[in-house]
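J.: Show me the folded form of this:
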Amino acid sequence: MSEARAFPVQTPGTIPRRSLGLGAPRVSAVGYGGMHLSIQDRPPEDQGIRVIHAALDAGVTLIDTADVYCLDHRDVGHNERLVARALKNWQHDISDVIVATKGGLTRPHGRWEPDGRPRQLRAACERSLEALGVERIDLYQLHAPDPRVPLAESVGELADLQREGKIRWIGLSNVSVAEIEEAGTVVAITSVQNRLNPFFREALADGVVEYCAEQGIGFLAYSPTGGGRLNRKLPAHPVLQPMAARLGVTSHALVLAWVLAHSPDILVIPSARTVEHARDSTGAAELALSEADLSAITAADFSRA
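T.: Predicted coordinates:
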C-alpha cells in the first residue's frame, strides 16, 4: 500500500493567455521549451520531470519540443518521451495543455542538418506520435526549410498528414515573411516560431512579427533570453541589473516581458534546467513594464561578444 501524501496536491496556477494562432485556442503567454532537458549538459531525467511539472504547476499550457532535442541520431525523440512521461505523471487535468513538436531536422553524429523531404517528414511525424503517445499531434512545425527541397513540397506533406488526422495545426519555424506567404498558399499556417531576444532582433527588423500580427498567426519566440552564454550575461547587464533590482524581479523576467510587449500575438517559450528558473520565467506574463523601461531595454547595447 502506498504512503499517504505528506502535502495536498495544489491547484495549478494561472498565466495570462494569448492566441496560439489561426484556429487554435488561447494558451499561456509564457510556455515552456524543453530543449535543454535533452541536449548536452542535460539534467537527470527525474529532474527534467520536476522542471516540467513546475512549469505546469505555475500555469503553463504550452510545451514546445522536437524530435531532435536529443544528443544525436541514436537518441532521437528523447525530449518528446520526457514530455510524455511528465504529462502522464502530472496529478492534474492535461486537457488544455498543448504540446507542439517539430520535424525537418536530423542529428547525424550530433550535427544539426535540415531534411525536409516529404518521406522524411512523414517518418518523423510517425515517430513523434509514438514518442508522445498520442494519435494526433496538437501543433506540428516544420523545424526549418530545407534548401534542397521546395518549401511547397515539405509543407504539402504536412497538409497531407493534417488531412489524415495526424496533425491538428501546422506551424513553421526559422522562416521569412516570403516563406510564410508561400507556405500559406498550400495550407493554413497557425503559428511561426523564430528567434527573438534583445541580442537577436531579426524577427522584428525583417517584419516577421508584424506580418504574423497582421495575419492572426501566433508568433512563438524561441531563445527569448538569448540562449547559452548570452543568457548568462543578463544578470550583470548595466541596464537590466538596476531595473531588475528596482522592480524586484530577475533580469531574465525583464527580458521575457520586453519580448512579450512587442505584440499581443507573441508567446515566449523559454527553456529551463531547474525548477527555480522555470518558476521565474512564468511571472513575466504579468510584468507590465513602463514605456520608459521598454525604451531603455530597446536602446541598450546587448553585445554578443
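J.: pLDDT wise, what is residue 5 at?
T.: On the pLDDT scale, residue 5 is placed at 32.
J.: go on, residue 213?
T.: In this model, residue 213 is scored at 97, pLDDT.
J.: got the contact list for it?
T.: By CB atoms under 8 Å, 6 or more residues apart in numbering, residue 213 lies in contact with 219, 263-265. To be clear about C-beta, it is placed using only N, CA and C from the backbone, and glycine gets the same treatment.
J.: Is it possible to get a markdown table of the residues you listed that adds secondary structure, distance to residue 254 and pLDDT?
T.: A markdown table is the format used below for the contacts of residue 213 (DSSP: H, G, I helix; E, B strand; the rest coil; distance: CB to CB, whole Å; pLDDT from 0 to 100):
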| residue | secondary structure | distance to residue 254 | pLDDT |
| --- | --- | --- | --- |
| 219 | strand | 20 | 98 |
| 263 | coil | 18 | 96 |
| 264 | coil | 19 | 95 |
| 265 | coil | 21 | 93 |
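J.: Most neighbours among the residues you listed, which one?
T.: Sorting these by how many neighbours each has (other CB atoms under 10 Å) puts residue 219 first, at 25 neighbours.
J.: hey, what's that residue bridged with?
T.: On the basis of DSSP bridges, residue 219 is bridged to residue 192, residue 266.
J.: buried stuff in stretch 239-247?
T.: Across stretch 239-247, burial judged by 16 or more other CB atoms under 10 Å covers 239-240, 243-244.
J.: pLDDT (mean, whole number) over it?
T.: For stretch 239-247, mean pLDDT is 98.
J.: same check, this time on stretch 32-47
T.: In this model, stretch 32-47 has a mean pLDDT of 96.
J.: got the CA coordinates for that stretch in CSV?
T.: What follows is stretch 32-47 as a C-alpha-only set of coordinates in CSV (Å, rounded to 0.1, in the frame of the first residue of the first chain):
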residue,chain,number,x,y,z
TYR,A,32,8.0,26.0,-21.8
GLY,A,33,10.6,25.0,-24.3
GLY,A,34,12.0,21.5,-23.5
MET,A,35,15.3,21.6,-25.5
HIS,A,36,17.7,22.0,-22.6
LEU,A,37,16.4,18.9,-20.8
SER,A,38,17.6,16.7,-23.6
ILE,A,39,20.7,18.2,-25.3
GLN,A,40,24.3,18.4,-24.0
ASP,A,41,24.6,19.1,-20.2
ARG,A,42,21.1,17.9,-19.7
PRO,A,43,20.0,17.1,-16.2
PRO,A,44,18.9,13.7,-15.0
GLU,A,45,15.5,12.7,-16.3
ASP,A,46,13.8,12.8,-12.9
GLN,A,47,15.0,16.4,-12.5
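J.: Other residues contacting it?
T.: 48, 51-52, 55-56, 60, 62-66, 69-71, 75, 78-79, 82-83, 85, 222, 269-274, 278, 281.
J.: In helices, which of the residues you listed fall?
T.: Among the contacts of stretch 32-47, DSSP state H puts 48, 51-52, 55-56, 78-79, 82-83, 85, 278, 281 in helices.
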